[in-house]
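A.B. asks: Could you look at this predicted model? Sequence included:
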Amino acid sequence: MKNSEITGLTTEEIRQKLDSEKESLRKLLFAHQVSAIESPMKIKETKRLIARLNTFLTQKERQK
């Protein structure tokens, strides 16, 4: 998800996306512990997306 896509989201949509990405990360980490996953870079990308969503959420909340 690109920054331009995130800026178009509302605060509630960012929270929902953040929750779904955290759940996705949890599943990826579990799958990686059980057996090797196809692309371990997905873990890193998901962590970065979560951080990016948190940053945009904080910015939007401070604007209000």
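C.D. replies: Right, received. Where do you want to start? Residues are numbered from 1 along each chain as shown.

A.B. asks: now the residue nearest the centre of the chain, nearest residue through space, not along the chain?
C.D. replies: Geometric centre of the chain, nearest residue: Ile50, 2.9 Å, by CA atoms, centre = their mean. Leaving out its chain neighbours, the residue that sits closest to Ile50 by CB to CB, 6 or more residues apart in numbering is Glu21, at 5.2 Å. Every C-beta, even on glycine, is put in place using the N, C-alpha and C of the backbone.

A.B. asks: give me every residue that touches that neighbour.
C.D. replies: Residues near Glu21 by CB atoms under 8 Å, 6 or more residues apart in numbering: 46, 49-50, 53.

A.B. asks: Send me the host helix or strand of it as PDB with only the CA atoms.
C.D. replies: Element membership for Glu21, per DSSP states H and E: helix 11-34. Only the C-alpha atoms of helix 11-34 are listed here, as PDB (Å, rounded to 0.1, in the frame of the first residue of the first chain):
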ATOM      1  CA  THR A  11      -9.000   7.500  10.500                       C
ATOM      2  CA  GLU A  12     -11.500   4.600  11.000                       C
ATOM      3  CA  GLU A  13     -10.400   2.900   7.700                       C
ATOM      4  CA  ILE A  14      -6.700   3.200   8.800                       C
ATOM      5  CA  ARG A  15      -7.600   1.600  12.100                       C
ATOM      6  CA  GLN A  16      -9.300  -1.300  10.400                       C
ATOM      7  CA  LYS A  17      -6.400  -1.800   7.900                       C
ATOM      8  CA  LEU A  18      -4.000  -1.700  10.900                       C
ATOM      9  CA  ASP A  19      -5.900  -4.400  12.700                       C
ATOM     10  CA  SER A  20      -6.000  -6.600   9.600                       C
ATOM     11  CA  GLU A  21      -2.300  -6.100   9.000                       C
ATOM     12  CA  LYS A  22      -1.400  -7.000  12.600                       C
ATOM     13  CA  GLU A  23      -3.400 -10.200  12.200                       C
ATOM     14  CA  SER A  24      -1.700 -10.900   9.000                       C
ATOM     15  CA  LEU A  25       1.700 -10.400  10.600                       C
ATOM     16  CA  ARG A  26       0.800 -12.700  13.500                       C
ATOM     17  CA  LYS A  27      -0.200 -15.500  11.000                       C
ATOM     18  CA  LEU A  28       2.900 -15.000   8.900                       C
ATOM     19  CA  LEU A  29       5.200 -15.200  12.000                       C
ATOM     20  CA  PHE A  30       3.400 -18.400  13.100                       C
ATOM     21  CA  ALA A  31       3.700 -20.000   9.700                       C
ATOM     22  CA  HIS A  32       7.300 -19.100   9.600                       C
ATOM     23  CA  GLN A  33       7.900 -20.700  13.000                       C
ATOM     24  CA  VAL A  34       6.200 -23.900  11.900                       C
END
